[in-house]
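Enquirer: my questions concern the predicted model and sequence given below.
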Amino acid sequence: MILTLFKLKALAPKAKELRQTLQSLAAQMKMEPGCESSSVYQQVEDESDFLLIGAWKNREALNDHLQSIRFTVVMGARSLLRRSPEIMIHTVAQSAQLSEVQPKIPAMQVLAQEDGKQAEAFAKAGRHAPCPCGSGRAFKTCHGRDGTDTTHAGTQRKT
Ligand SMILES: [Zn+2]
């Protein structure tokens, strides 16, 4: 797999316009056959800093992308960019599956245990009892609603 990172710095008044342009480029990248993923990030501290990340099956797929007119237009958008984009290309020989790495990270073990406990609590909860997530609502109107996925109770995780 090949990872591409494009760092772009917008002219201050053009940050919003660059964001829209990059969003549309990333959406286009996703439809290219050799593209495994693409996403746009905007810096929290400085909203004119952007990062466009792409993952490609192989060098040919990446080359097609780098030569596309769309890519060329965005990277050369002098009316939007304060300076030339920084382009980093990393060939990844091996990347560990998340499931192989996660058990070795203590924080992940704690979270997995809590998820397990919460799933158990959800399984036992009565429909009219308070929801185990701690929202204060009845289970039937909170995580016990039909079709609600109780395995990802992310909004109410207790720390
Ligand atoms: Zn709940």
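Expert: Thanks, I have it.
Enquirer: switch to C-alpha atoms for all contacts and neighbour counts from now on
Expert: OK.
Enquirer: mind listing what K140 touches?
Expert: By CA atoms under 8 Å, 6 or more residues apart in numbering, the residues touching K140 are R127, H128, C131.
Enquirer: C-alpha coordinates for the lowest-mean-pLDDT helix or strand in the chain, CSV please?
Expert: Ranking every helix and strand in the chain by mean pLDDT, DSSP states H and E puts helix 98-101 at the bottom, with a mean of 71. Output of helix 98-101 as CSV, limited to C-alpha atoms (Å, rounded to 0.1, in the frame of the first residue of the first chain):
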residue,chain,number,x,y,z
LEU,A,98,-5.7,-3.1,14.5
SER,A,99,-6.8,-6.3,16.2
GLU,A,100,-3.2,-7.5,16.5
VAL,A,101,-2.1,-4.2,18.1
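Enquirer: buried sites along that helix?
Expert: Within helix 98-101, no residue is scored as buried using 16 or more other CA atoms under 10 Å.
Enquirer: one more: stretch 48-60?
Expert: Under 16+ other CA under 10 Å, the buried positions of stretch 48-60 are S48, D49, F50, L51, L52, I53, G54, A55, W56.
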